[in-house]
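1. sequence and predicted model, in that order:
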Amino acid sequence: MDRDDDDLFAAAMSDVVPLKSEPVQVATGGANAPTEAQRARRAAAEAEVVHQKDGLTLEAVDPVDPDDVIGWTRGGMQHGVYKNLRLGKYSIDARLDLHGHTVAEARQALLQFVRDCLENDIRSALILHGKGLNSKPFRGVLKSYVAAWLPHCPEVLAYHTALKQHGGTGAVYVLLRKSPREKAENRERHQKR
C-alpha cells in the first residue's frame, strides 16, 4: 500500500471503537447438563466412529455357510505364497480361539490379536472361529464376521480355510505383513554392498 491508501484507511477507521468482550460463562450443571440419554447417544456415536475408522463393523454381514471354504488375498500377492498358505505349509506361530465369544468380544479380540502378532513379528497365525452350527440369528455368525473383518485389517495379507487337522472350515490361516522392524532387518540383510 502507498501513503495515500494508508491515509484513506486511517480516515475511514477513525470513528471505529473496539468491541468490549465479556467473559464467556460455561454451564457445568443444572438445566444445561446433558441428560443420561444424551450421554448414551454421544457414547454410541463415538463408538460408531471408531468402528468406521477400522472397518470392522458390528452391523449385519453377508452370512457364510458353516461348511463353506473361505479365502481372500490382498492384490499383488504371489500365487505361490497364497498356495502355501492354503495348503497349511507355513508354521502357525500364534492362535486365537474365538469359541464362545460374542460378536463384539470377537471383534476386540481379533483387533488385539493382530496388533500383538505385528509387535511380535508373527507372520502366520490361525484363528479358530468355529462353524457356528447352532449360532443365532443365523448359522456361522462368527465365521461370517471374521470373513468380513479380515480384509479390513491392513496388516492382513491373506486368509484361507484351514486344513482339517487345524480346524477345517471352523478355522482360517492368516498371513500377516512384516512388522516395520522385520522390514528394516530384511532390507539390511539383502542390501547390495
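-> All right, it came through fine.

2. hmm, which helix or strand of this protein has the shakiest average pLDDT?
-> Least confident helix or strand, the chain: helix 36-54 with a mean of 63, by mean pLDDT, DSSP states H and E.

3. could you look up the SS state of residue 172?
-> strand (DSSP: H, G, I helix; E, B strand; the rest coil).

4. ok, what's across the strand from it?
-> Beta-bridge partners of residue 172, counted by DSSP bridges, are residue 127, residue 161.

5. could we number from 501 for the rest of this?
-> Sure, I'll start counting at 501 from here, so that last one is residue 672.

6. my read: it touches residue 663, true?
-> No - the criterion here is Cβ atoms under 8 Å, and residue 672 misses it with residue 663 at 10.9 Å. Yep, even glycine has a C-beta here, placed from its N, CA and C like the rest.

7. between these two, which one's more packed in?
-> residue 672 (26 against 14; other Cβ atoms under 10 Å).

8. give me the pLDDT for that one.
-> pLDDT for residue 672: 97.

9. residues touching it, list them.
-> Contacts for residue 672 (Cβ atoms under 8 Å, 6 or more residues apart in numbering) come out as 570-571, 626-627, 629, 646-647, 650, 659-662.

10. please check those and keep the buried ones.
-> In the contacts of residue 672, burial by neighbour count holds for 570, 626-627, 629, 646-647, 650, 659-662, counting by 16 or more other Cβ atoms under 10 Å.

11. which residues in this protein form helices?
-> 503-512, 536-554, 579-586, 603-619, 641-649, 680-690 (DSSP state H).

12. ranking the ones you listed by mean pLDDT, which is last?
-> Across the helices of the chain, the lowest-scoring stretch is helix 536-554, with a mean of 63.

13. got a markdown table for the helices of the chain, with distance to residue 518 too?
-> Listed next are the helices of the chain as a markdown table, based on distance: least, Cβ to Cβ, whole Å:
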| stretch | distance to residue 518 |
| --- | --- |
| helix 503-512 | 16 |
| helix 536-554 | 38 |
| helix 579-586 | 69 |
| helix 603-619 | 53 |
| helix 641-649 | 57 |
| helix 680-690 | 54 |
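
14. how close does residue 614 get to residue 504?
-> Distance, residue 614 to residue 504, using Cβ to Cβ, to the nearest Å: 68 Å.

15. before we move on, what about residue 615?
-> From residue 615 to residue 504 the distance is 66 Å (Cβ to Cβ).

16. biggest separation within the buried ones among the contacts of residue 672, which pair?
-> The most widely separated members of the buried ones among the contacts of residue 672 are 626 and 647, with 14.9 Å between them, by Cβ to Cβ.
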